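Trainee: have a look at this prediction, sequence included:
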Amino acid sequence: MTATDTLTRREVEIARLLADGMSAGGIAERLFLSSGTIKWYLKQIYSKLDVHIRQELIESVRQRDFNKSPVANEAPAPHVAHSFPITPTPLIGREKTIADAVRQIVRVDVRLLTLVGPPGIGKTRLSMAVGEQVLSHLSGWR
């Protein structure tokens, strides 16, 4: 079993960025994640690759040539031209809300859709899911 068999797509992405010389803070900023989340991922990566210091991790990434190795346990990501951050988990139980929002936002007479709710309810995550759906509806428009 190779390292890419055990690392998730996100872990491979973070390992590649670290090997390219980015700091944990830079990776967090680039991937729209908290530095605490990056630290958690790094612990997982270090453990799975059985390395203990950054230089060992970088050498391991370069030896395994992660830049050319697909992640075996995951389907390839579809190519979609957008800059939404990669979501680590699926959005569950919001299908109707997403569909309602998409129906509203693709209407010609709707120029703005506002999502409201208390902090932590998932407005940002919902808006990203709606945005991805809207992209698929608008892909034929020019």
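Mentor: Perfect, I can see it now.

Trainee: please, which helix or strand holds the nearest residue to residue 44 once chain neighbours are set aside?
Mentor: Counting by CB to CB, 6 or more residues apart in numbering, residue 44 lies nearest to residue 11, which is 6.1 Å off, once chain neighbours are set aside. Bear in mind the C-beta positions are built from the backbone N, C-alpha and C, glycine included. Element membership for residue 11, per DSSP states H and E: helix 9-19.

Trainee: the residue nearest to residue 44 and residue 128, how far apart?
Mentor: Going from residue 11 to residue 128 by CB to CB, to the nearest Å gives 21 Å.

Trainee: do the same with residue 109
Mentor: From residue 109 to residue 128 the distance is 24 Å (CB to CB).

Trainee: cool, residue 19 as well?
Mentor: Taking CB to CB as the measure, residue 19 falls 28 Å from residue 128.

Trainee: where does the prediction get shaky in the protein?
Mentor: Along the chain, the parts satisfying pLDDT under 70 run over 1-5, 65-82, 136-142.

Trainee: apply 80 and report the result again.
Mentor: Scanning the chain for pLDDT under 80 picks out 1-5, 64-90, 108, 135-142.

Trainee: strands of that one, start to end?
Mentor: Counting by DSSP state E, the chain has no strands at all.

Trainee: what's the domain layout of it?
Mentor: Using automatic domain parsing, the domain ranges for the chain come out as 3-64, 95-138.
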